[in-house]
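Visitor: Any chance you can model this:
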Amino acid sequence: MTRPYVDVTVVEFAAHTAFLDPVTGIGYLVLPPAGSDIEALSDPLVEAAWSERLTDFERPRPLSLHAADRQRALTCLAETGWSLLHDEDGAVESAGRTRAGRRAVCIYGPATTEQPSYEALDSAIIALDMAADLDPHTTCAEAPSVRWD
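Guide: Got it, this is the predicted structure:
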């Protein structure tokens with residue numbers, strides 16, 4: 001059986017990486033390693049710079065490196081039609097873990113084909129798993145859905 005060719009698009013951000021199959025409209029967003037986040041600085045000079053540049057009365061809450069990068073990644077992906085896939089409980093659907101232990105979540109976007117075949121979807125999932133280096137011994141059930149508030 002010959003599988004369809006899958007050309008996975010990789011989009012790298014500072015701490016997140018997106019793996020996309022534009023043909024079927026499915027993909028993964030690999031999260032940064034746990035425990036590697038850097039909290040926002042609490043520095044008087046940084047605070048002064050914020051107050052001089054922002055005209056709003058409410059100053060936005062400072063974001064950690066991972067939170068800021070996640071926001072940037074989701075904004076960039078949304079600009080081209082990609083979104084997080086949520087389960088029926090509202091949590092982000094998990095795709096598993098990479099061999100390095102990073103979590104991967106499911107995303108979807110506009111497919112370039114009207115109705116991808118099951119064979120095309122199966123081939124895309126295999127190609128995405130390989131490109132994202134998902135550990136074949138983890139399942140979605142072992143890497144529970146992610147809540148992002």
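Visitor: Surely residue 98 is in contact with residue 133?
Guide: Yes. Between residue 98 and residue 133 there is a contact under C-beta atoms under 8 Å: 4.9 Å. Yep, even glycine has a C-beta here, placed from its N, CA and C like the rest.
Visitor: And those two? Which one has more around it.
Guide: residue 98 (21 against 14; other C-beta atoms under 10 Å).
Visitor: do you know how far that one is from residue 37?
Guide: Noted for residue 98: a distance of 17 Å to residue 37, by C-beta to C-beta, to the nearest Å.
Visitor: Residue 102 now?
Guide: 13 Å.
Visitor: More neighbours: the two, which one.
Guide: residue 102 (21 against 13).
Visitor: Can you list the residue ranges for strands in this structure?
Guide: Counting by DSSP state E, one finds strands in the chain at the ranges 9-12, 17-21, 26-30, 83-84, 94-97, 103-108.
Visitor: give the contact list for the residue lying closest to residue 74 once chain neighbours are set aside.
Guide: Distances taken as C-beta to C-beta, 6 or more residues apart in numbering place residue 84 nearest to residue 74, at 7.1 Å, with adjacent residues excluded. Neighbouring residues of residue 84 by C-beta atoms under 8 Å, 6 or more residues apart in numbering: 29, 74, 92-93, 105-107, 148.
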